[in-house]
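**Q** This is the structure alone, sequence omitted:
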Ligand code: SAH
């Protein structure tokens, strides 16, 4: 769930991702690229100033994300429970599910992701897992229980990390799972230790997709598996350099409310993984499977309980709710794609 804070103005001008930039090794580190607005004020003062400006915009994004989840996770949990991601539905099903039906769809998202990646229940190899962008730890607790594995979750939000640990204790899982505040782009882990590296709907927050993927690969054990489930923009057609202006404009409006930097496509992720010689790379577009999700969130927000909770959370939550129709429009018009990308690190 991407909720509801308006960003500080510095975030509005974060650099837009261009597909070509991911293909060009010199531009792989997106967060080192200054925004055009910052560039005009700093370029003449030399590269040190440019780097400082880029660093501060990355910091502003990190702070914004942390604040945003600090403030909105309670509301989401109250209404939707501990999974802060889309549900997975049969395509074309006209969904009028109960709350529990939607929660089952969120669990199904985890199950379908594991299945797609070939991680089965009989899997004995999954002993230690990192949940990158863990929210309040729904995936970690589920995966730890399913595989008897140890899970470590990281989030930028101290409120989420605390709540995730409290829930683990309440569910007698604190010997298996733990959560901490840490940056996915600079993880506090040694190289090559995790059998499963899990990123459920956090990649879209990463300002530097290349660095993000490299960091996921770094912490994966030889033979371990990476699963990235994330919001993407559509793949560009042959010869296309960028999205259409109206498409970019739609995404920019979503970014402003949901604390997202520039988006990339599923193909960009695949190419990054290929460039790092990962094996068994698989990907899919699950946009049709998630289509019922945001309309359901709107319906929930329009219930008495939803409205009261929303009003209690204040203007920023309301702004977030008002952005949901843009997500629906993005899916309907084919600009937004819900992608899964998975691969294995060579032995
Ligand atoms: N995976 C969770 C939560 C998804 S919400 C679930 O499915 O329930 C997105 C999460 O990504 C939040 O917890 C947010 O703090 C985290 N996140 C975003 N950017 C991050 C970063 N740079 N480092 C660590 N976590 C990050």
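**A** Perfect, I can see it now. Note that this is a predicted model, so its numbers are computed, not measured. Numbering: from 1, shown residues only.

**Q** Up against the ligand, what does the stretch 51-200 of the chain have?
**A** 65, 69, 83-85, 133-135, 138-139, 154-157, 160, 183-185, 200 (CB under 6 Å from any ligand atom). Any C-beta I mention is one placed from the backbone N, CA and C, and that applies to glycine too.

**Q** which of those are buried?
**A** Applying 16 or more other CB atoms under 10 Å to these, the neighbour count classes 65, 69, 83-85, 133-135, 138-139, 154-157, 160, 184-185, 200 as buried.

**Q** Among those, which ones are in helices?
**A** 65, 69, 138, 139, 160 (DSSP state H).

**Q** Low-confidence stretches in the protein?
**A** 1-55, 93-99, 121-123, 314-316 (pLDDT under 70).

**Q** cutoff 80 now
**A** Residue ranges of the chain with pLDDT under 80: 1-55, 92-100, 121-124, 301-302, 304-320.

**Q** show me the contacts for the residue positioned nearest the centre of it.
**A** The centroid of the chain falls nearest to residue 202 when counting by CA atoms, centre = their mean (1.8 Å). In this structure, residue 202 makes contact with 132, 133, 184, 230, judged by CB atoms under 8 Å, 6 or more residues apart in numbering.

**Q** quick one: secondary structure of the last one?
**A** Meaning residue 230. strand (DSSP: H, G, I helix; E, B strand; the rest coil).

**Q** Was I right to think it contacts residue 205?
**A** No. Using CB atoms under 8 Å, residue 230 is not in contact with residue 205, being 9.3 Å away.

**Q** Spatially, which two of the contacts of residue 202 are the most separated?
**A** For the contacts of residue 202, the farthest-apart pair by CB to CB is 184 and 230; their separation is 11.9 Å.

**Q** which residues do these two both contact?
**A** Joint contacts of residue 184 and residue 230 (CB under 8 Å, 6+ apart) are 199, 202.

**Q** Residue 145 contacts residue 173, correct?
**A** Yes. In terms of CB under 8 Å, residue 145 counts as a neighbour of residue 173; the distance is 7.0 Å.

**Q** Quick one: the helices in the protein, in order.
**A** Along the chain, counting by DSSP H, helices occupy 9-12, 19-23, 36-42, 47-80, 99-116, 138-147, 158-170, 209-219, 245-258, 266-275, 287-290, 293-301, 304-313, 315-332.

**Q** Go through those helices and name the closest to residue 339.
**A** Among these, helix 266-275 sits nearest to residue 339 (CB to CB), with 3.9 Å.
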